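Student: Just to be clear, the model below is a prediction. Sequence and coordinates:
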Amino acid sequence: MKLEMALTLIIFILLFLKIDGRAGNQFVITITNLLLLLTIGLYFTPDNNSIIFNGMFRVTPLLQFEKLVLLLATFVISLSSFQWLKNFKHTPEFYMLILSSLSGMFFMMSSANLLMFYLGLELSSIPVAALCNFDLEKKISSEAAMKMILSSAFSSAILLFGISLLYGTTGSLDYYLVSKAIIGTPIQVMAFILIFSGFAFKLSVVPFHLWTADVYEGSPVAVTAFLSVVSKGAMAFVFTTTLYSVFANLGMTWYFMLAFSAVATMITGNLFALRQNNLKRFFAFSSIAQVGYLLIGISGYVKAALSVGSVVYFVLIYVFSNLAAFGVISVISALTGKETIEDYKGLYRSNPTLALLMALALFSLAGIPPTAGFFGKLFLLTAGSSVGNWPLIIIASLNLMVSLYYYLRIVRAMFIDESSEPLAKLSLSYGEVIAFVLCAVGILSVGFMKGLFEMIFNISGGS
C-alpha cells in the first residue's frame, strides 16, 4: 500500500498547511508537486505480489502500473493548472479533494472484494462532486455539482443493488468465490446488468451519458481534465478487471452488451461533438466517443491478456493526448476566460507553441499516425477483432473518419481562420512548460516504444 499511504501523507501535510494558514498558494502548489513526484518515484521501488486485509486488498504489477498512469495524470493536471491554482482561494482544499478521490480509485482498483470495491468507489466519487462546484462565483458550476452528485448517487445505488443480488445468489463478496459461483442463472444475469449500468454511468456509456457535457462545462478546467482522464481511466481499469475476474463465465452475455453499447456510444459521441462550440462540451462528447472505442478493446474476451493490455496502453496514451489539450484550454481559460472554438481563431499567430501542442493532441485523439493515438486505437481494434465481429470493427473505423472532421475543425480555427480579436501573447509558467513537454514527448514517443506494450502485455497475463 505504498502509493495509498503516500497519498494519505500528502493529504495530512496539506491539512496542516491549511490549518497553519501562513503558506501561500505558490508554496502549496510547489510542495504538492514535489510530493507527487516523490510518490511517482515510489513505483520504482521493489514490490511483490501481495494480498492483505483477509484477501480484500491485492497488489500486482499490473495494478501498480495502472496506478502509476493515474498518478502521472494527476501530476500533469497539477502542473498545467498553475495559472488557475495560484490565484484560487481554496488551493489546499482542491488538492486534498483531488488526492482523496485518487486514493479511493486506488483502493477500488486493488479490491478483491465487492465491499472494498464499493467503499473505494464512494471515496473516489464524493470529493469529485465537491470539486465540480469550485468555480464558486458561477451558477453553472453549482448546477454541475448538483448533476454530478445526483447521477453518482443514482448510479451507485443501481450498482449496489446489483451487488446485493449477486451476494444473495453466491453467498460471497470475494471476487474469486463469486466468479466460481456464477453459472448464468436469470437473477445473476440481472445482477450483472445492474452492475454494468452502474459502471456505464461512471464511464459515460450511452444511454447513461446525459450528465457528462453539463458537468464538464460547469466544472473548472482542472476538474474537467481530472474527470475526463483520471476518473474515466480508473473506471475503465476496474470495469475490465471486474469483467475478466468476476464475470468471466458470462463472457458471451456481456460481449453482446459491450458491442451494442460501443456502437451507440461511438455514434452518439461523434454526432454531438460535431455540433459543439464550447471546448469543454466538445471534449465531453469526444471522451464519450473514445469510451466507445475502449469498449471494443474490453470486449475481446477471446484473448484476455491482449484485451486488458490494449486498454491499459490506450489509457496511458489518452492521458498524454487529452491532458495536452486540456492544458492548453486551462492556460487560455485562466488568463483570458475564453473557452470556445471561435476564441481560438488565429491562435497560431499569437501563441504558436500552444497551437502546435493542441494540434498534436487533436491528431493523437483522432488516431492519426505517427502519433501515439494511432497505435492505441490499433491495439484496441485488434483486441476487439479477436472475437471475429468484423461489422463492429468496420463501424468503429467509419466513426474514426467522422471524428477526424471535428478534431480538424479546431486545427483549422487555430491555423487558417482569421479573427478580429485574436488572443494576446500568453506567458507560461515553468510547471506548465514541464507538463506540456511531458505530454508532447508522450504523444510522439509512446507509440514507438515496442518494449512498453510488451511489458504491459506480459504483466496482463500474456506470454
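Tutor: That came in fine, so what should we check first? Residues are numbered from 1 along each chain as shown.
Student: Tell me how many other residues crowd Thr382.
Tutor: If you count neighbours by other CB atoms under 10 Å, Thr382 ends up with 17. Glycine gets a C-beta too; all of them are placed from N, C-alpha and C.
Student: Quick check: which element contains it?
Tutor: In this structure, Thr382 sits in helix 372-385 according to DSSP states H and E.
Student: Put the alpha carbons of that helix into CSV.
Tutor: The C-alpha coordinates for helix 372-385 follow below in CSV (Å, rounded to 0.1, in the frame of the first residue of the first chain):
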residue,chain,number,x,y,z
ALA,A,372,0.6,7.5,-30.2
GLY,A,373,-3.2,7.7,-30.5
PHE,A,374,-2.9,5.7,-33.8
PHE,A,375,-1.2,2.8,-32.0
GLY,A,376,-3.6,3.0,-29.1
LYS,A,377,-6.7,2.6,-31.3
LEU,A,378,-4.9,0.0,-33.5
PHE,A,379,-4.4,-2.3,-30.4
LEU,A,380,-8.0,-1.7,-29.2
LEU,A,381,-9.4,-2.7,-32.6
THR,A,382,-7.0,-5.6,-32.8
ALA,A,383,-8.2,-6.9,-29.4
GLY,A,384,-11.8,-6.4,-30.4
SER,A,385,-11.4,-8.2,-33.7
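Student: which strands and helices sit next to it?
Tutor: On a contact count with 3 or more CB pairs under 8 Å, 6 or more residues apart in numbering; DSSP states H and E, helix 372-385 meets helix 279-298, helix 304-336, helix 352-366, helix 390-415, helix 430-445.
Student: Buried ones in that helix, by neighbour count?
Tutor: Using 16 or more other CB atoms under 10 Å as the test for burial, helix 372-385 gives 372-385.
Student: could you give the angle of it to helix 352-366?
Tutor: For helix 372-385 against helix 352-366, the angle by axes from the mean of the first three to the mean of the last three CA atoms, to 10 degrees is 10 degrees.
Student: What segments of the stretch 151-300 of the chain are helices?
Tutor: Along the stretch 151-300 of the chain, the stretches classed as helices by DSSP state H, counting those that start in this stretch are 175-181, 186-203, 212-218, 221-225, 232-245, 251-273, 279-298.
Student: Can you give the contact residues for the first one?
Tutor: Read it as helix 175-181. Residues from elsewhere that reach helix 175-181 (CB atoms under 8 Å, 6 or more residues apart in numbering): 111-114, 166, 169-172, 245-249.
Student: run the last query once more with 7 Å
Tutor: Applying CB atoms under 7 Å, 6 or more residues apart in numbering, the contact partners of helix 175-181 are Ala112, Asn113, Leu166, Thr170, Ser172, Ser245, Val246, Ala248, Asn249.
Student: Please point out which parts of it sit buried.
Tutor: So for helix 175-181, counting by 16+ other CB under 10 Å, buried means Tyr175, Val178, Ser179, Ala181.
Student: which of those residues lies closest to Leu62?
Tutor: Using CB to CB, Tyr175 comes nearest to Leu62 of these, at 14.6 Å.
Student: Distance of the closest one relative to Ala181?
Tutor: Distance of Tyr175 to Ala181, computed by CB to CB, to the nearest Å: 11 Å.
Student: Gly233 too?
Tutor: 30 Å.
Student: Closest one of the buried residues of helix 175-181 to Val433?
Tutor: Using CB to CB, Tyr175 comes nearest to Val433 of the buried residues of helix 175-181, at 43.3 Å.
Student: just how off-centre is the lowest-mean-pLDDT helix or strand in the chain within its chain?
Tutor: Within the chain, no helix or strand scores below strand 50-52, which has a mean of 79 by mean pLDDT, DSSP states H and E. With CA atoms, centre = their mean, to the nearest Å as the basis, strand 50-52 stands 26 Å off its chain's centre.
Student: and the closest residue to Ser204 other than its chain neighbours, what does it touch?
Tutor: Distances taken as CB to CB, 6 or more residues apart in numbering place Thr212 nearest to Ser204, at 4.4 Å, with adjacent residues excluded. By CB under 7 Å, 6+ apart, the contact set of Thr212 is Ser204, Ala284, Ile288.
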